[in-house]
Every structure is written in structure tokens, then in C-alpha cells.
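S.K.: Quick one, what's the 3D model for this:
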Amino acid sequence: MNCCTAISVLRVRIAALALALSPCVNVSAQTTPATIQFDSTSGVFRIDAADSTYVFGINEVKGLQNLYWGKHLTASDHFAAAHSTPAASSFDLPVTVTPQEYVGWGGGLYVDPDLKVTFPDGNRDLALKYVSHRIDGDSLSIMMKDVSRDVYVMLTYQADGETGILRRSATVENRTDAPFTVEQIAAGTWSLPRGTDYRLRYLTGRWAGEWNVQERHIEPGKTVLESRRGTTGAQNNPWFAIDRESEGTGGQDQGEVWFGALGWSGSWQISVEQDQLQQVRVTGGPNAFDFSYLLKPHEKLTTPDFYGGYTNDGIGGASRLLHRYEIDSILPHHPKPKLRPVLYNSWEATGFDVNEADQMALAEKAASIGVERFVMDDGWFGERKDDHAGLGDWYVNPQKFPHGLKPLIDKMHSLGMDFGLWVEPEMVNPNSDLYRNHPDWVLNFPDRPRTEGRNQLVLNLASPDVRAYIYSFLDKLLTQNDIAFLKWDYNRNWSEPGWPAVAPDTEKNVYVDFTNNFYTILAELRQKHPNVEIESCSGGGSRVDLGVMRYTDEVWPSDNTDAFDRLLIQNGFTYAYSPGVMMAWVTDSPTWVNSRSLSLEYRFLSSMQGSLGIGANLNKWTREDLDEARKMVAAYKSIRETVQRGSLYRLITPENNSEQSVTETVARDGKQAVTFAFLHSSRELYPFPLLQLRGLEENATYTLSMIAGDVGDGTPTAASGSYWMNHGLDLKLRGDFQALAFTLTRTK
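M.R.: Numbers count the residues shown, from 1 in each chain. As a prediction, this is how the structure comes out:
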């Protein structure tokens, strides 16, 4: 089996493993299943799911032309047959100005193609036409083919009846008798209704400053969101949302929004383009920069999934739909993924200097405040004394742990906690036995310098030997030790992305094969060790996307754990991803980031908006600190399911240097609502804004209970949902860096 055939088989194996990890989803009685219909007379496909309708048709040249994407239409609303948009002039032919679902490069196309190839004879023209389709419940498959060559593309759409979110991908198949090179491939293109008043939201960042929400008016031309780093990256995230500026700000919960995300953990690209006819297209897939993939006869290449959705409930509504979809349809063990335990991580307490006695002492203190999972971070393996050596040598250091990990794990179990471990499988230090024995295993260009980052190089996971080694040591580690959790880190981006062991015309396959092998290892480990949970971490939030989330239970949004900075970081994160996967640690004060001092209560409340963890040095905490922590951990456990699985409302965002930040989360069953409020600093006797809640039942009665802080005098202890949402609450927040939290419990 050659390497390209292997990758085709690999994609099938990944899909099978993911299916094995995910139980079937039964549509609840409250959910109307998605429907897909085809009108053979008009050649129109219609997908209805939740509150949205998506329509496209086969036009007169057998292209797939988008006709509608927006609010749900009635069954009596029918669409005429699709006809290509007429050419405005000889400079802009129909292929360019017609909104198409999937188009090859050729025939005068000047917008981004979905697929661009080069054939052995130098021809680069590709004209894809509809051939056939199949509807199977909530799934639609459409076959397209080039007009003269046996190049086939299978488009797949899957609709979610709960959220209306569509998942789409494309598979290109070579049925010719010669190889050809794929130079650009997208999962598909989303087309919006024609208009001039669109605004794009997207996420940017850097190390320790991830998840900044950006906005820009969409004008003629193209905006490109991308990573060229070999992984998802923090600089952009593969998520977008588009609303209409003519609707005003609309708050968080009003107005039309079209949104989407790409499920890919390698280099990626999403382009948002408005043409001269005011049509907006969004195309997404692997990044075309430095990309090619040699596809041999009878081989296939499948794109990542590209997700898209529509709501008329504003950007807040878009976030809630994505959160629900991630929990019910993407995370391991969906539709009921496990709740995140309260976690302790030893990094800030001990750094690389870990040993059995010190970790046991920390564990006793962690258990005393209610921690459920103890994670030992870096430093436990090889000759790992600092970040200059040891990566790649994944054996337990015998000086630090002379009896192996078992005594430490047994100690955790005796304290009522499970045990987790930090790993960084895809990296190697030049100062390691692995590198000395296999210097050819890293990404490299022969006879060229090898650029180090954090004193480490990137192992070429596309290589079958590297893939086998990484799986083998992880499998051995999990088999020999009762490890419940892996913190999977990735602390640098790519450089010198060469693969000298393969032929030059297949060397760039590394961009696809690396990421697919990463997914396969995760899937195979989870299948063999189904009780092990995994966190995706990359120096913070540099590997967070809907691709890796299929195989990991939680993600690390940022190395910045300053509780005030985290308000903005966590705010941006939740535009795209659920708080149920967002790890948030309570660490020491003042922080290493800003030397800012914050109360322990403030730090806990900031972290309790996500999946709570503690990363402080408990050896420095006073008895009073431990008592307060015990109280806050207990409070968190009483609201955990609401925070991690409920519907999030960003009542006041910390964006644009806001002095306030408020979030509210309503439980799925509506029985509990949890609110967190934060004040940066008081000014000139101005009171905190009157807080009007969201998402409650107007006629139900809710009882107020404080977690921390207090509300204004005269606030009732019980009132209707209508009262809390319309009259609202007066919060007692004055001073600098103040916070409070409360619950509302539905009593009748």
C-alpha cells in the first residue's frame, strides 16, 4: 500500500472510529427532524432544519446554484428552476457572478474556486457538473463530474434538526488513469442573500491574548482569515459570523446572523468575498499556501467539515446554537458528553521540579477543597529538568519516581481523585535519545538549518514511523498506569515543512497527512482506552477548532490566567465554543502576566464561568484561603451542569474596554439560571447598570440565592421571570475589581 492509498483508507478509519465513539442520537419529541426534498421538475434541493431553510438548484449548465439561505419558509413556498446570473459584461462571465455551491477553477472564474487541479499534460481547467444525488434522512449526497475527465466530486450535506446547523464536506476522486495534483480544495462555499450592509465578526489573538472579537464592514474585495502554521493557530480562529449593519447593534440577541466554523486542526483558510454584484461568498478549507496533494488513480481526498448556520436571534443566538451543536453532535460521548470535573494542575506550584512526595502533598490539599482530578504537568519523564531536554523520551524518570507512577496514582485514588498527566507527543528536543536516534523524524529540508522554538522541533506525524511511535508510547503509558486524563500540549508552530523520505511530488501531502494522523491517534487511543479523557492545549488556545473537538473533551483557551484578562478572553471564546469545554483556572495573585492583585473570590468567580480548574500553589494558601476555596468549589458543583450545558447570555460584554462584564446561563430544563457580574472600577458615583435577565419563563416563579456578593436593598427573594427580565436587579458592586454571582431557581 503506498502512502497516498493509505491516507484514503485512513480517512475511512477515522470516520469509523469517530462513529464508534459517538452513540446514536435519538431525536427528542420536542425536535422536528430536518427534512431534505428534491423537486425533480425544477431541479431544486430544499433543506429545512429548525428555524432555517437552505435552497439550491441545478441550473441550465448543470452547476449547483444557491437560491436561498435564511429564516425558515413555509411548505407552500416553492422555488423556480435555477438560472445562471447573466454576464454583466464580457469581463464578468456567469461562472464568476453566479452563486455556486461548489465550483472548479476554469471557464473565466475569478472568485475563489472550491477546487483547483493540475493534470499531467499541464491542463488546469476543471468544469464540474451535476451527475446524481441521494437523500438519506437528514443527509444529502451529490455527485459532480468534470465535463471531459473522470474527476468526480462527492458533496455531502447533513442537517441538524435541533439547531439548523448544516455540516458539509467534499470528496474528490481520481478515476482517470494518471495522477493529478490538487492545488486548492475547499469543503464548500456559503452564499448569502445579495446586500451591501453586511458586517463580519471574526476572532484574532496571540499567545496570552487570544480570542479578541473583531468587526469590519464587508466591502467589494476579499477578507482572508487563515493559519499557515501547520495547526489552527491563535492569530485567527476558523470561525465567522456575518450580520446586517442596517439592523443596528441589536444587542446580543436580535437580528439576522449567518455563521460558521471549519473543523480542521491544520493550516486552514476562510475567505469572505463580496463581488461587484454585492454577492457575499464564504469559502473554507485547508490553506492553499504551499499546498498540494498528489492524487493517484482510484484515490480519494476528503476535505474537513465546514459548518454553517442561520439565526434571527443575534450573535448571542448564533453562539447558543453552536454551543448546543457542539455538545449534542461533536464532543466525545455526544449527545451527553461527560461534565468536566474540578481539576487541579501542579504546574504553577512545582514547574519541572516534580517528585512523588511533593505531588502527594499537593494532592492532599487539593482533595481537601473538593478537587476531583489531579493533573501532574511537565517534568515527569526522561531527563526533563527544564525545557532544553527530554521531549520525545516518554519513560518515567526513575530519580523523580523510583517506584513508577503507581504509588502516586494510588494516593490520588485514596483521596477520592482520579489522575491526569501532561504530554507533548508531537515534539522533540534535540537533546533527547529519540532525536539522537532518529534525526530524520522531524519536519525538515535536507541540508538546511532546523529552526527551534522553545528548544524543540516538530516531529513529522505524517510519517508512518512517527505515527506508530507516538501511538505506541501513549498506549503503553495508558495500559501500564491508571491514567484518567491526558493534557495534550503543542508548544510551537511549524517550520521547514519538508518530508524528504517521500518523492518530491508528494512531499506537500504532509499538510493533510499530519493532521489526519493526529486525529487517527486520538481516535484509536479513545477506542482502546474509552475512559481516558483528553484536553487539547497549544501554549493556550492555538489548537481549538471543531475538528479536534471530536476527539477531545476540553480545551485550554489561554496560558493567561489573570482573572480580569480572562473575562475578555473567555468572552471571545464563547462566541464560537461552549463554556462546557473551556478550562478556566484559579491561579495565584499577583499573576505572572500583569502583576495584578485580585481577591480569591474574584478569581474563583471568573473561572466558574467555564469548566473550573485550580492551578495555584496550594502550599502558599492560608487556612482561610483553603476554607474559601472549599466553599467556592462546592458552589460550583451545584451550578456545574447549568454552566457547562446551559444557554449562555452575554448581558454585558467586556469588549471595547467596558467597565462591566455580566454573563447569565440558563439550564436546559429551565430550572436554574446562574449570573456572574464583574466591575473593573467605579467612577463618579455611577451605579452598576440595572441588570435585566434573559431566557426565563415569564410566568414562572424564581427564587434568588447569592453565591457571592449582594444585590440592592428591596430586591425580592422570589419573583416572576417577567419581573427578573423586565424590572431587573440592582447589583451592589462598587470599588475596583469587584464581583458577585447568584442563582435563580424555578420554584413553580
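
S.K.: Longest helix in this protein, by number of residues?
M.R.: For the chain, the helix that runs over the most residues, judged by DSSP state H, is helix 623-645.

S.K.: Just checking: what are the partner strands of the next helix or strand after it?
M.R.: Per DSSP states H and E, the first helix or strand lying C-terminal to helix 623-645 is strand 647-652. Based on DSSP bridges, the pairing partners of strand 647-652 within the sheet are strand 660-666 (antiparallel).

S.K.: Next, the buried residues of the longest helix of the chain.
M.R.: Of the residues in helix 623-645, 626, 628-629, 631-633, 635-636, 639-640, 642-645 count as buried by neighbour count, 16 or more other CB atoms under 10 Å. For the C-beta atoms, the positions are set from N, CA and C on the backbone; glycine is no exception.

S.K.: Now find how far off-centre that helix is within its chain.
M.R.: Relative to the mean C-alpha coordinate of its chain, helix 623-645 is positioned 26 Å out (CA atoms, centre = their mean, to the nearest Å).

S.K.: if you average pLDDT over it, what comes out?
M.R.: Across helix 623-645, the average pLDDT comes to 99.

S.K.: Dump it to PDB, restricted to CA.
M.R.: The C-alpha atoms that make up helix 623-645 are tabulated as PDB, following Å, rounded to 0.1, in the frame of the first residue of the first chain:
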ATOM      1  CA  ARG A 623      -6.200  28.200  56.100                       C
ATOM      2  CA  GLU A 624      -8.600  31.000  55.300                       C
ATOM      3  CA  ASP A 625      -7.800  30.600  51.600                       C
ATOM      4  CA  LEU A 626      -8.400  26.900  51.700                       C
ATOM      5  CA  ASP A 627     -11.700  27.400  53.500                       C
ATOM      6  CA  GLU A 628     -12.900  29.900  50.900                       C
ATOM      7  CA  ALA A 629     -11.800  27.700  48.100                       C
ATOM      8  CA  ARG A 630     -13.700  24.800  49.600                       C
ATOM      9  CA  LYS A 631     -16.900  26.900  49.700                       C
ATOM     10  CA  MET A 632     -16.500  28.100  46.100                       C
ATOM     11  CA  VAL A 633     -15.800  24.600  44.800                       C
ATOM     12  CA  ALA A 634     -18.900  23.300  46.500                       C
ATOM     13  CA  ALA A 635     -20.900  26.200  45.000                       C
ATOM     14  CA  TYR A 636     -19.500  25.500  41.500                       C
ATOM     15  CA  LYS A 637     -20.600  21.800  41.700                       C
ATOM     16  CA  SER A 638     -24.200  23.000  42.400                       C
ATOM     17  CA  ILE A 639     -24.200  25.000  39.200                       C
ATOM     18  CA  ARG A 640     -21.800  23.000  37.100                       C
ATOM     19  CA  GLU A 641     -24.400  21.400  34.800                       C
ATOM     20  CA  THR A 642     -26.000  24.700  34.100                       C
ATOM     21  CA  VAL A 643     -22.700  26.500  33.300                       C
ATOM     22  CA  GLN A 644     -21.400  23.700  31.100                       C
ATOM     23  CA  ARG A 645     -24.600  22.600  29.300                       C
END
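
S.K.: pLDDT score for Ala20?
M.R.: With respect to pLDDT, Ala20 has a value of 43.

S.K.: about what we covered before: just the buried residues of helix 623-645 now: which is nearest Leu73?
M.R.: The shortest approach to Leu73 among the buried residues of helix 623-645 belongs to Arg645, at 31.1 Å (CB to CB).

S.K.: The closest one: what's it in contact with?
M.R.: For Arg645, the set of contacting residues under the criterion of CB atoms under 8 Å, 6 or more residues apart in numbering consists of 327, 339, 580, 667-668.

S.K.: One more pass at 10 Å, please.
M.R.: Contacts were defined as CB atoms under 10 Å, 6 or more residues apart in numbering; by that measure Arg645 touches 323-324, 327-328, 336-337, 339, 578-580, 665, 667-669.

S.K.: what would those residues look like in TSV with distance to Gly712 and secondary structure?
M.R.: Putting those into TSV (distance: CB to CB, whole Å; DSSP: H, G, I helix; E, B strand; the rest coil) gives the following:
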residue	distance to Gly712	secondary structure
His323	31	helix
Arg324	33	helix
Ile327	35	helix
Asp328	38	helix
Lys336	39	coil
Pro337	38	coil
Leu339	33	coil
Ser578	32	coil
Pro579	27	helix
Gly580	31	helix
Thr665	22	strand
Ala667	25	coil
Arg668	30	coil
Asp669	29	coil
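
S.K.: Quick check: PyMOL command selecting the buried ones in those.
M.R.: Buried members of the contacts of Arg645 can be picked out in PyMOL with the line below, counting by 16+ other CB under 10 Å:
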select buried, resi 323+324+327+328+337+578+579+580+665+667
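
S.K.: I'd like the contacts of Arg645 laid out as TSV, including pLDDT and distance to Val593.
M.R.: As requested, the contacts of Arg645 are exported to TSV (pLDDT from 0 to 100; distance: CB to CB, whole Å):
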residue	pLDDT	distance to Val593
His323	99	27
Arg324	99	33
Ile327	98	30
Asp328	98	35
Lys336	93	36
Pro337	96	31
Leu339	98	29
Ser578	99	25
Pro579	99	21
Gly580	98	25
Thr665	99	26
Ala667	99	33
Arg668	98	35
Asp669	98	38
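
S.K.: ranges for the helices of the stretch 601-748 of the chain?
M.R.: Secondary structure of the stretch 601-748 of the chain by DSSP state H, counting those that start in this stretch: the helices cover 623-645, 721-722.

S.K.: do the same with the stretch 451-600 of the chain
M.R.: Under the criterion DSSP H, counting those that start in this stretch, the stretch 451-600 of the chain carries helices at the ranges 464-480, 510-528, 563-576, 600-607.

S.K.: Can I get those helices in CSV including mean pLDDT and mean neighbour count?
M.R.: Conversion of the helices of the stretch 451-600 of the chain to CSV gives the following (pLDDT from 0 to 100; neighbours: other CB atoms under 10 Å):
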stretch, mean pLDDT, mean neighbour count
helix 464-480, 99, 16
helix 510-528, 99, 22
helix 563-576, 99, 23
helix 600-607, 99, 24
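
S.K.: Of all the ones you listed, which one comes closest to Ser148?
M.R.: Using CB to CB and comparing these, the one that lies nearest Ser148 is helix 510-528, at 26.8 Å.

S.K.: Show me what the closest one is packed up against.
M.R.: Using 3 or more CB pairs under 10 Å, 6 or more residues apart in numbering; DSSP states H and E as the contact test, the elements touching helix 510-528 are helix 3-21, strand 280-286, strand 293-295, strand 300-302, helix 464-480, strand 485-488, strand 533-536.
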